[in-house]
Structure formats: C-alpha cells, structure tokens
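1. this one's structure only:
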C-alpha cells in the first residue's frame, strides 16, 4: 500500500524564497470526499515540459494517509481537468527548498487561493525528527481547510481573514 506522511506549515516570511525557482502546477479533483480524494495534476518540470498524474488519497490520520499515484498522458489530464473535474482548479507555483538536509515543498497559490503559502515536508515515519527552518510558521497539518481538496471547494480568498 502507498503511504504519504506529510506535515504542513504556514510561513512567517519569504526568506525561504531566496534563489528558489518555482514550477507551475495545475490540479483539480474528480472527488474531494475526505475519505477518498481523486486528483488530476499537471506539473511543469525543470526541463520546461509538463507531466501528468492521477492520484488517489485516503482520509488523513494526522500526518499519515494512503496514497496511490500513477502517471497518465498529458492530453488525458487536460481533458479530465476541463470536462470532469470540479472547478476551479488549484493553481500554484511549487518551490523545492532544502534546509538542514531536508527537502521542503513550498506552494505559493494563485487564482482563487492567491495569498496562501504553505510549506510541506514528506517524512519516512510519523515520528521522524526534522529541523524547523526559521521561516516556518504555525503547523496546519491537522487543519483540513488547508488541504488542496478543500481549497478547491472553499478557496482561501473566500475565507474571513
């Protein structure tokens, strides 16, 4: 079984961005049921190409959940996003930032979620230790409103801030 172990954090500032290059992501959901999300994602690569995946995720239990991911043809992903997925799609720039040997993925959201920036770290185990970067803010792993599937249904720009 595929398993994802991930923790999410808000950011205090943008010191993380120094020298980082963002890659464009577009993703949308065939299902955003908390027990089973089904996502279609198109991601830009460092070679300025695009790749696509179909991802199925189970309900989160803290930072852990089942995850199955499969590459799919780009044309299929584009068609699914345009015709079958819930609207609007999630649009973001994803940055890869290394801190103290750990890889952080930082998503700077665009579109209906503009203004939201989330840092994620994928772990080997739920109790794995890691260094907290100085630019990291409050942890939001257990706050479902910060999940991409929830952001697709209730975008950040519609929250009361």
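-> Received, thanks. What you see is a predicted model, and the numbers here were worked out from it, not measured in a lab. Residues are numbered from 1 along each chain as shown.

2. Check this structure for its longest strand and report it.
-> Among the segments of the chain that qualify as a strand by DSSP state E, the longest is strand 22-33.

3. what about stretch 128-147, distance to the chain center?
-> Put simply, stretch 128-147 sits 13 Å off its chain's centre (Cα atoms, centre = their mean, to the nearest Å).

4. Over that stretch, what's the mean pLDDT, rounded is fine.
-> Predicted confidence along stretch 128-147 averages 96 (mean pLDDT).

5. Now do the helix or strand just after the longest strand of the chain: which elements does it pack against?
-> Sequence-wise, the next helix or strand downstream of strand 22-33 (DSSP states H and E) is strand 36-44. Strand 36-44 is packed against strand 22-33, strand 50-58, helix 74-83, helix 148-153, with contacts defined by 3 or more Cβ pairs under 8 Å, 6 or more residues apart in numbering; DSSP states H and E. Every C-beta, even on glycine, is put in place using the N, C-alpha and C of the backbone.

6. Give me the below-cutoff pLDDT ranges for the protein.
-> Applying pLDDT under 70 to the predicted model, the residue ranges of the chain that meet it are 1, 161.

7. Can you give me the buried ones in stretch 118-138?
-> Of the residues in stretch 118-138, those with enough neighbours to count as buried (16 or more other Cβ atoms under 10 Å) are 118-121, 123, 133, 135-136.

8. ok now that stretch, how far from the chain's centre?
-> 14 Å.

9. returning to that earlier point: can you name the two of the buried residues of stretch 118-138 that sit furthest apart?
-> The most widely separated members of the buried residues of stretch 118-138 are 123 and 135, with 19.0 Å between them, by Cβ to Cβ.

10. ends of stretch 142-160, how far apart?
-> Its start and end residues considered, stretch 142-160 measures 19 Å (Cα to Cα, to the nearest Å).

11. As JSON lines, the buried residues of stretch 118-138 with distance to residue 32 and secondary structure would be great.
-> As requested, the buried residues of stretch 118-138 are exported to JSON lines (distance: Cβ to Cβ, whole Å; DSSP: H, G, I helix; E, B strand; the rest coil):
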{"residue": "118", "distance to residue 32": "17", "secondary structure": "strand"}
{"residue": "119", "distance to residue 32": "22", "secondary structure": "strand"}
{"residue": "120", "distance to residue 32": "18", "secondary structure": "strand"}
{"residue": "121", "distance to residue 32": "23", "secondary structure": "strand"}
{"residue": "123", "distance to residue 32": "24", "secondary structure": "coil"}
{"residue": "133", "distance to residue 32": "30", "secondary structure": "coil"}
{"residue": "135", "distance to residue 32": "30", "secondary structure": "coil"}
{"residue": "136", "distance to residue 32": "27", "secondary structure": "strand"}
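
12. Thank you, goodbye.
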